[in-house]
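[1] Mind folding the following:
(chains A and B)
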Amino acid sequence: MAELKLDSQAPSFQQEMKALAEDLLTKIEGGDLGKVVGVVNNINEVRDRTLYDEIGKLTRALHEAIKEMTSGDELSEDTGMGQASDKLAYVIKMTDKAANRTMDLVEEGMPLNSENLNGAKEIQEQWQRFLRKELKPNEFRDLTKQIDRYLTQTQVNSNKISTHLSDILMAQDFQDLTGQVINRVTKLVAEVEARLVDLVAMAGEVDRITGISHADPHHIDTPQEDDKKIIAEGPQIDTSLDGVIDGQDDVDDLLSSLGF
Amino acid sequence: MKILVVDDFSTMRRIVKNLLRDLGFTNTQEADDGLTALPMLQNGDFDFLVTDWNMPGMTGLDLLKHVRADDKLKTLPVLMVTAEAKRDQIVAAAQAGVNGYVVKPFTAAVLKEKIDKIFERVDG
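    So this is what the prediction gives:
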């Protein structure tokens, strides 16, 4: 995009300069200093005009880019930069909600399962005594009642647990929604990057006309590598990178090599 | 045994608390970063600290350093449960005096193993 704009501008500036330079040479050879100065003035004028044009374009492009990043438009499908952080906050909210909902259901389900388990254990004890013919008639009557209660209780509990399990399943729908939001934000970041590349190209044109050269900032402010600061970086996505450990086993190996 | 669980994400605190409860540790309290955790540690008789690393306010590593520099707290066993997975970071945590290091994502079995190991040492 930007390159097209530059190409349409650049040759005409170059051609104009070339024509003026040739003219300047002819005028110098002709010995008319008044005309020579006139051509030099023309050269300056063309340079200034082109420079103002380019700076104007750069300013406009910057303005447009900022406008789009902050408010969003058709290009970024209503995904302005300001909204991007809102959208990511939405992702955090959704994942938080899903995690808590899942944990609520698990916490509610666990005692139901324990109740079933303990009930079965109690009945089994009595049942074994019955098989060994150790049960007295009144104990047997109690056992039948106990079994009856247990059959009802397990059905109620199992039904509840089933409902919880399908609710846990449903709580995973955040993956779809958050995935879509993250995709949009990723797209926005790519657009912003493309715009920045355009801006750099336009700024480069200004530099070319004015003859400004920028020193590589990395070379300027790199004072001697000061002590590598150990800071929190969050999860490592690529565990194949140098210095990144791959899982708990690697941590354990490293710590044991340090005498842990 | 009284345990303080420090993590900026409430879901992770909840997971850790649940796992600790399954391991038989029911007396747990929570803090969401080092700045809130430190006064709790100084004023309460905690026996064990489980902390994340990457938190706003005060990080887990700084909390660990504060704990080790505090006369009253310096022997408190500290387990770091964190997503930080660089060699340099683990070495730094070890040098700061961490008692155990668990990388996220982790399993209940790993958490149990590290906690057992820490108390084996402390008691032994």
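[2] sec struct for A:K35, please.
    Taken by DSSP: H, G, I helix; E, B strand; the rest coil, the conformation at A:K35 corresponds to helix.
[3] what's around the nearest residue to it once chain neighbours are set aside, how many residues?
    Once flanking residues are discounted, A:K35 sits nearest to A:K27: 4.5 Å by CB to CB, 6 or more residues apart in numbering or on different chains. Backbone N, C-alpha and C define where each C-beta goes, glycine included. By other CB atoms under 10 Å in any protein chain shown, the residues close to A:K27 number 18.
[4] Now for A:K27: which residues touch it?
    Neighbour list for A:K27: A:K35, A:V36, A:G38, A:V39 [criterion: CB atoms under 8 Å, 6 or more residues apart in numbering or on different chains].
[5] got a list of what the last one touches?
    Meaning A:V39. A:L20, A:D23, A:L24, A:K27.
[6] just the residues you listed now: which is nearest chain B?
    Chain B lies nearest to A:L20 out of those, by CB to the nearest CB, at 59.4 Å.
[7] before we move on, which element is that closest one in?
    Using DSSP states H and E, A:L20 falls within helix A:2-30.
[8] For A:D238, which three-state class applies?
    Under three-state DSSP, A:D238 comes out as coil.
[9] so how far is chain B from it?
    With distances taken as CB to the nearest CB, to the nearest Å, A:D238 is found 11 Å from chain B.
[10] give me every residue that touches that residue.
    Here A:D238 is in contact with A:V244 (CB under 8 Å, 6+ apart).
[11] do A:A65 as well
    A:V192, A:R195, A:L196, A:D198, A:L199.
[12] Buried subset of the contacts of A:K27 as a PyMOL selection?
    Written as a PyMOL command, the selection of buried residues from the contacts of A:K27, which uses 16 or more other CB atoms under 10 Å in any protein chain shown, is:
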select buried, chain A and resi 36+39
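[13] In three-state terms, label B:V102 for me.
    Recorded secondary structure, B:V102: strand (three-state DSSP).
[14] Could you check the pLDDT of it?
    As predicted, B:V102 sits at a pLDDT of 95.
[15] wait, it sits on A:Q248?
    Yes: between B:V102 and A:Q248 there is a contact at 6.7 Å, judged by CB atoms under 8 Å.
[16] For stretch A:128-148, which outside residues touch it?
    The contact list for stretch A:128-148, computed with CB under 8 Å, 6+ apart, reads A:E122, A:I123, A:Q126, A:W127.
[17] which other helices and strands contact the helix ranked longest in chain B?
    Longest helix in chain B, counting residues (DSSP state H): helix B:108-123. On a contact count with 3 or more CB pairs under 8 Å, 6 or more residues apart in numbering or on different chains; DSSP states H and E, helix B:108-123 meets helix B:10-22, strand B:78-82, strand B:100-103.
[18] Let's test this: mean pLDDT of stretch B:40-50, rounded?
    Averaged over stretch B:40-50, pLDDT sits at 95.
[19] Flag every buried residue along it.
    B:L41, B:F46, B:F48, B:L49, B:V50.
[20] any idea of the mean pLDDT in the helix holding A:L20?
    Mean predicted confidence for helix A:2-30 is 73.
[21] Excluding chain neighbours, what is closest to the residue in the stretch 51-200 of chain A positioned nearest to chain B?
    Here the stretch 51-200 of chain A gets closest to chain B at one residue, A:A99, 4.0 Å apart by CB to the nearest CB. The shortest distance from A:A99 to any non-neighbouring residue, by CB to CB, 6+ apart, is to B:T11 (4.0 Å).
[22] What is the neighbour count of that neighbour?
    The burial count for B:T11: 16, using other CB under 10 Å.
[23] contacting residues around it?
    A:D96, A:A99, A:N100, A:M103.
[24] buried subset of these?
    Taking 16+ other CB under 10 Å as the criterion, what is buried in the contacts of B:T11 is A:A99, A:M103.
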